[in-house]
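S.K.: Sharing a sequence plus its predicted fold:
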Amino acid sequence: MEDKFEVYERLAKNCKIATAHDTVVNSECVYTFHSPFTTNDGILVNLSTFVGTCQAFALAHDGLYVRIVQQQIPKEETTQETANPAAAAAVAAEGGSGATKLGVGVDGGFAAEHEKYETVSTHSIVAIEGGAIVAE
């Protein structure tokens, strides 16, 4: 049985290096619009065509791929809520959000979406041959 690095070396002959003029589709699957957030498998970006697909479509083509998986993890509670839990409980009991200003992402306003979550990205190299993943 081949070592996974031998498989990588053999398949790397078909890979290209992206230039400034190449389009790299790595934000979603070009067929199904799955994003790296959609499943735990993420998306696979072909290293010879620079096209991202979900795993089901990638298995149809031999080659090296980069697997991109992203997860959003909720951030810790804000310091105001942890510093004064009684005030936070009173606001929650009234059904309010605790915002004192009408604004998103400003002090005293509502939290912006990127402030609520921390994005964790994972990248790995995947070798596909004969419709199966042979190395990851």
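M.R.: Arrived safely. Residues are numbered from 1 along each chain as shown.

S.K.: in this protein, which spans are helices?
M.R.: Taking DSSP state H as the criterion, the chain carries its helices at 4-11, 55-58, 79-83, 85-93, 113-116.

S.K.: Where among the ones you listed is average confidence lowest?
M.R.: Of all the helices of the chain, mean pLDDT reaches its minimum on helix 79-83 (a mean of 50).

S.K.: ok now do T39, which residues does it touch?
M.R.: Counting by CB atoms under 8 Å, 6 or more residues apart in numbering, T39 touches C54. Where C-beta positions appear, they are placed from N, C-alpha and C, glycine not excepted.

S.K.: Report pLDDT for it.
M.R.: T39 carries a pLDDT value of 88.

S.K.: Which residues are in contact with the nearest residue to A12 once chain neighbours are set aside?
M.R.: The shortest distance from A12 to any non-neighbouring residue, by CB to CB, 6 or more residues apart in numbering, is to L64 (6.2 Å). Listed by CB under 8 Å, 6+ apart, the contact set of L64 reads Y8, L11, A12, N14, C15, N46, L47, S48, I125, V126, A127, I128.

S.K.: burial count for V104?
M.R.: Using other CB atoms under 10 Å, V104 is surrounded by 12 other residues.

S.K.: Distance check, it against K116.
M.R.: 11 Å (CB to CB, to the nearest Å).

S.K.: Could you tell me which of the contacts of L64 count as buried?
M.R.: Y8, L11, N46, L47, V126, A127, I128 (16 or more other CB atoms under 10 Å).

S.K.: The residues you listed: which two are farthest apart?
M.R.: Y8 and N46 (14.5 Å; CB to CB).

S.K.: Strands of the protein, residue ranges please.
M.R.: Applying DSSP state E to the chain gives strands spanning 43-46, 52-53, 63-74, 117-129, 132-135.

S.K.: can you list these in TSV and add distance to F37?
M.R.: As requested, these are exported to TSV (distance: least, CB to CB, whole Å):
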stretch	distance to F37
strand 43-46	10
strand 52-53	13
strand 63-74	5
strand 117-129	9
strand 132-135	21
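
S.K.: Quick one: neighbours of P36, just the number.
M.R.: Residues near P36, counting by other CB under 10 Å: 23.
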